[in-house]
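Asks: could you work out the structure for the sequence below:
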Amino acid sequence: MIDSAVSERIRSEVSSTDVVLYMKGTPVFPQCGFSAQAVQILSMLGVAFKGVDVLADPSLRQGIKDYSNWPTIPQLYVKGEFIGGCDIMREMLQSGELQKTLADKGVPFENRQAAG
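Replies: The predicted structure follows:
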């Protein structure tokens, strides 16, 4: 069961910031490969985002999983909506769906992805 203070903190963060990435470590120093890939995807798209280190707060680490009903970290939120984790972000990037989601939600980005 999620702690109400943790739930409110998450709700506040995802509603007040356009793009939030709950991750292990920080955007500058990711602490797991999946978090590093998620940061790389957002950076490649030139998306401004807030990285939240779940390792710094054990209640948040469990709380974000309970909040989203999603078992893994990282977790991406865009305009308050849970998008998914690293694998989903990668699939959405490759299909163009991530860029479309950002555009549809009015989040500025620039696609720096190398043409393949």
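
Asks: pLDDT weak spots in the protein?
Replies: 1, 112-116 (pLDDT under 70).

Asks: specify the local secondary structure of the residue nearest the centre of the chain.
Replies: Among the residues of the chain, the one closest to the centroid is Leu76, at 2.2 Å (Cα atoms, centre = their mean). The three-state label given to Leu76 by DSSP: H, G, I helix; E, B strand; the rest coil is strand.

Asks: dump the residue contacts of the nearest residue to it once chain neighbours are set aside.
Replies: The shortest distance from Leu76 to any non-neighbouring residue, by Cβ to Cβ, 6 or more residues apart in numbering, is to Ile83 (4.4 Å). All C-beta atoms are positioned from the backbone trio N, CA, C, and that covers glycine. The contact partners of Ile83, taken as Cβ atoms under 8 Å, 6 or more residues apart in numbering, are Leu76, Tyr77, Met89, Met92, Leu98, Thr101.

Asks: doesn't Ile83 fall inside a helix?
Replies: No. Under three-state DSSP, Ile83 sits outside any helix and is assigned strand.

Asks: about what we covered before: now the contacts of Ile83: which count as buried?
Replies: Neighbour-count burial (16 or more other Cβ atoms under 10 Å) is assigned, among those, to Leu76, Tyr77, Met89, Met92, Leu98, Thr101.

Asks: from those, which is closest to Val6?
Replies: Taking Cβ to Cβ as the measure, Val6 sits nearest to Tyr77 out of the buried ones among the contacts of Ile83, at 14.9 Å.

Asks: got a list of what that closest one touches?
Replies: So Tyr77 contacts Val14, Val19, Val20, Leu21, Tyr22, Ile83 (Cβ under 8 Å, 6+ apart).

Asks: partner strands of the helix or strand the fourth one falls within, with direction?
Replies: When elements are defined using DSSP states H and E, Leu21 is found to belong to strand 19-23. The sheet places strand 19-23 alongside strand 50-53 (parallel), strand 75-78 (antiparallel), with pairing taken from DSSP bridges.
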